[in-house]
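Enquirer: Compute the structure for the input listed below.
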Amino acid sequence: MEALTRTETIRILRATGGDIPADTKLPDDVLEKRLREAINASQNKATFSSLDLGSLQKWPMATAGELDTHARPLIRAMQRGSIDEAQRLLFSSGNRVLDAGATPGASPSANPFIGLRQVVAAIGGLLDDGGAWSVVQSEDESSSIGIRVVSVLEIHEDTPAIVVLYRPFNRSSAKDCAQWISEQSKSNAPALGNGFIHIKRPSIELKLLLHYLKLNASLVPADFPVDKKPNEARFKPSVLLPVAPLDFDALAKIAHNLGCSVCGKKGASRCAQCQTVWYCGAECQRADWPDHKQSCKSLKGGRWVPITFQEQLPLPSIPSVDPKQTKYMSNINKFSSDFSGRSTATRKFEAADPPPPNVWGDRVFMIKLQVALSYGEPGHMMLYDRKRSFQGFMLRKDNPAFAELYAEMLGPRGGFGGMKMYRWAKRTGDWELSVCLDRQPQTDTKW
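Expert: This is a model prediction of the structure:
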């Protein structure tokens, strides 16, 4: 099976919700790295990078014909969602999973990342029904992947790890595939008879599934017991983990430093006038100026207003809660998919928080300001940068410029239904920013 092409890699990165141009000039190796990081992030692999499969217990699975109240359905455990998907699901025409950024009701098959999530969940459903193997085939029937489940283990009570053997097939190895299918059919559960689960997907999804399996192969130690059956000498072990929508941090990494707009090399600096375009050096910037000057909108002459912010909102007084009791805060946004507390940023409320690091120095950077959906005038705005190097709240009572900023948010340079806007800012102190009030960034920002 051929590897993903450059065009397919870009399409998948965009399908995750990543804000990356279809005509990006980023080098192939950079795109490959960002895809690898995106797939790892979608499985939350950073939380169990030292996973020891040999020490895990078996997942409590149901046995055909038996009632087991401790069994947990794998099709549910292998699915993940986000607040954003849940909201759009309410307005959809009944689709179970929606494309990131898609029109409600659109076909999920148009999104290869959604397709990967569906295939992984489908294999969980196969196991629930008593199956143990499957063939995932491209729609043009030119290639396929044979998958057999070796064992199902439990990482957490809501996170299974399905250890599998897999092998890609193409037309030249179709006979091997047919022989393997025949051999596996002999051990089918009675309910399946001599049939098998045949999943057809677009070619790009099959390539992505193979990429996913190869990445996860490193999770299987060399000494992990895997019993290969006849016709499986060329099969390799890997692990299926639940695949979730990308969270805010992962999406930010995809879109960070999109490279020189001329040659694609790593961007060293932005256009000093508008801050929206990256260049690797002066030569490329000069070459691009005849085209860029048509859209370049200088920040010079813009109106900058000072604001102060704090890391926490004042907690309301709750009579039933001991004021001496330790309090915690979790930040959840529309991209969040794990609400268990394991990966959500949960931290203590402290009397005096240290200031967030200044990763931007004296440079101008973009911030997002947003208000909560509520009746009447908002009392605060939440703000943060693309990197989430800091996040805080600007209170109306502490900021004379609050009313002007909110008016901008409601006006034609705000957009987004008057709920949020993006502006350029500079760090002027530990808890102070200077915000360019009347210059709307010219980029199509999605974070």
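Enquirer: Show the end-to-end separation of stretch 40-50, please.
Expert: By Cα to Cα, to the nearest Å, the extent of stretch 40-50 from end to end equals 14 Å.
Enquirer: From the structure, what's the count of residues near the closest residue in space to E32 that isn't next to it in sequence?
Expert: Closest residue to E32 apart from its sequence neighbours, by Cβ to Cβ, 6 or more residues apart in numbering: T9 at 6.6 Å. Placement of C-beta: from N, CA and C, glycine included. Neighbourhood size, T9 [other Cβ atoms under 10 Å]: 21.
Enquirer: cool, and A122?
Expert: 16.
Enquirer: Skip ahead from the helix or strand where it lies and say which helix or strand is next.
Expert: Assessed by DSSP states H and E, A122 sits inside helix 112-128. Using DSSP H and E, the helix or strand that follows helix 112-128 towards the C-terminus is strand 133-138.
Enquirer: That following strand: what's the following helix or strand?
Expert: strand 143-156.
Enquirer: That next one pairs with which strands?
Expert: strand 57-58 (antiparallel), strand 133-138 (antiparallel), strand 159-170 (antiparallel) (DSSP bridges).
Enquirer: Check which element follows the lowest-mean-pLDDT helix or strand in the chain along the chain.
Expert: Sorted by mean pLDDT, DSSP states H and E, the helices and strands of the chain end with strand 346-348, the least confident at a mean of 52. Once strand 346-348 ends, the next helix or strand along the chain (criterion: DSSP H and E) is strand 365-370.
Enquirer: and the next helix or strand after that following strand with strand 365-370, angle?
Expert: Downstream of strand 365-370, the first helix or strand assigned by DSSP H and E is strand 380-385. Orientation of strand 380-385 against strand 365-370 (axes from the mean of the first three to the mean of the last three Cα atoms, to 10 degrees) gives an angle of 150 degrees.
Enquirer: out of the strands paired with strand 143-156, nearest to P237?
Expert: strand 159-170 (5.8 Å; Cβ to Cβ).
Enquirer: Buried residues, that closest one. List them.
Expert: Buried residues in strand 159-170, counted by 16 or more other Cβ atoms under 10 Å: 159-169.
Enquirer: Over to stretch 399-410?
Expert: For stretch 399-410, using 16+ other Cβ under 10 Å, the buried residues are 399, 401-402, 405-406, 408-409.
Enquirer: picking that back up, redo the strands paired with strand 143-156 as JSON lines? Include distance to L299 and mean pLDDT.
Expert: Shown next, in JSON lines, are these (distance: least, Cβ to Cβ, whole Å; pLDDT from 0 to 100):
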{"stretch": "strand 57-58", "distance to L299": "58", "mean pLDDT": "94"}
{"stretch": "strand 133-138", "distance to L299": "49", "mean pLDDT": "94"}
{"stretch": "strand 159-170", "distance to L299": "46", "mean pLDDT": "96"}
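Enquirer: Let me have those in TSV, extended by distance to A122.
Expert: Listed next are those as TSV, based on distance: least, Cβ to Cβ, whole Å:
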stretch	distance to A122
strand 57-58	21
strand 133-138	8
strand 159-170	12
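Enquirer: pLDDT weak spots in the stretch 101-250 of the chain?
Expert: Within the stretch 101-250 of the chain, the stretches with pLDDT under 70 are 101-109, 190-196.
Enquirer: Which parts of this structure belong to which domain?
Expert: The record's domain parsing of the chain by automatic domain parsing lists 6-249, 258-298, 300-314+357-447.
Enquirer: Name the SS class of S173, please.
Expert: Here S173 is recorded as helix under DSSP: H, G, I helix; E, B strand; the rest coil.
Enquirer: Distance check, it against G115.
Expert: 23 Å (Cβ to Cβ, to the nearest Å).
Enquirer: wait, doesn't S434 sit right on A401?
Expert: No: S434 is beyond contact range of A401, at 10.1 Å (criterion: Cβ atoms under 8 Å).
Enquirer: shared neighbours of the two, anything?
Expert: 305-307 (Cβ atoms under 8 Å, 6 or more residues apart in numbering).
Enquirer: From the centroid of this structure, which residue is nearest?
Expert: Among the residues of the chain, the one closest to the centroid is L246, at 1.1 Å (Cα atoms, centre = their mean).
Enquirer: Where does it sit: helix, strand or coil?
Expert: Taking three-state DSSP, the label given to L246 is coil.
Enquirer: Helices of this protein, start to end?
Expert: 6-15, 28-42, 74-77, 83-90, 112-128, 174-185, 203-216, 248-255, 282-292, 402-410 (DSSP state H).
Enquirer: Now tabulate these in JSON lines and tack on distance to S298.
Expert: Output for those, formatted as JSON lines (distance: least, Cβ to Cβ, whole Å):
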{"stretch": "helix 6-15", "distance to S298": "30"}
{"stretch": "helix 28-42", "distance to S298": "30"}
{"stretch": "helix 74-77", "distance to S298": "53"}
{"stretch": "helix 83-90", "distance to S298": "35"}
{"stretch": "helix 112-128", "distance to S298": "38"}
{"stretch": "helix 174-185", "distance to S298": "61"}
{"stretch": "helix 203-216", "distance to S298": "41"}
{"stretch": "helix 248-255", "distance to S298": "23"}
{"stretch": "helix 282-292", "distance to S298": "12"}
{"stretch": "helix 402-410", "distance to S298": "18"}
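Enquirer: Mind checking those helices for the one nearest to V371?
Expert: helix 402-410 (7.1 Å).
Enquirer: With just CA atoms, put that closest one into CSV.
Expert: The C-alpha trace of helix 402-410 is given here as CSV (Å, rounded to 0.1, in the frame of the first residue of the first chain):
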residue,chain,number,x,y,z
PHE,A,402,-13.6,47.3,28.9
ALA,A,403,-16.7,49.1,27.4
GLU,A,404,-14.7,50.0,24.2
LEU,A,405,-13.4,46.5,23.8
TYR,A,406,-16.9,45.1,24.2
ALA,A,407,-18.3,47.6,21.7
GLU,A,408,-15.6,46.5,19.2
MET,A,409,-16.6,42.9,19.8
LEU,A,410,-20.3,43.7,19.0
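Enquirer: Centre of the chain to it, how far?
Expert: 31 Å (Cα atoms, centre = their mean, to the nearest Å).
Enquirer: Now do that helix against strand 365-370, angle only.
Expert: Interaxial angle, helix 402-410 versus strand 365-370 (the same axes, to 10 degrees): 90 degrees.
Enquirer: if we look at helix 402-410, which residues are touching it?
Expert: With contact meaning Cβ under 8 Å, 6+ apart, helix 402-410 is reached by 305, 307, 369, 371, 377-378, 381, 394-396, 399, 414, 418-421, 423, 435, 437-438.
Enquirer: Which ones among these map onto strands?
Expert: Judged by DSSP state E, the subset of the contacts of helix 402-410 located in strands is 305, 307, 369, 381, 394-395, 420-421, 423, 435.
Enquirer: ok, those residues vs L35, which is closest?
Expert: L35 lies nearest to K420 out of the ones in strands among the contacts of helix 402-410, by Cβ to Cβ, at 28.5 Å.
Enquirer: Fine, thanks again, bye for now.
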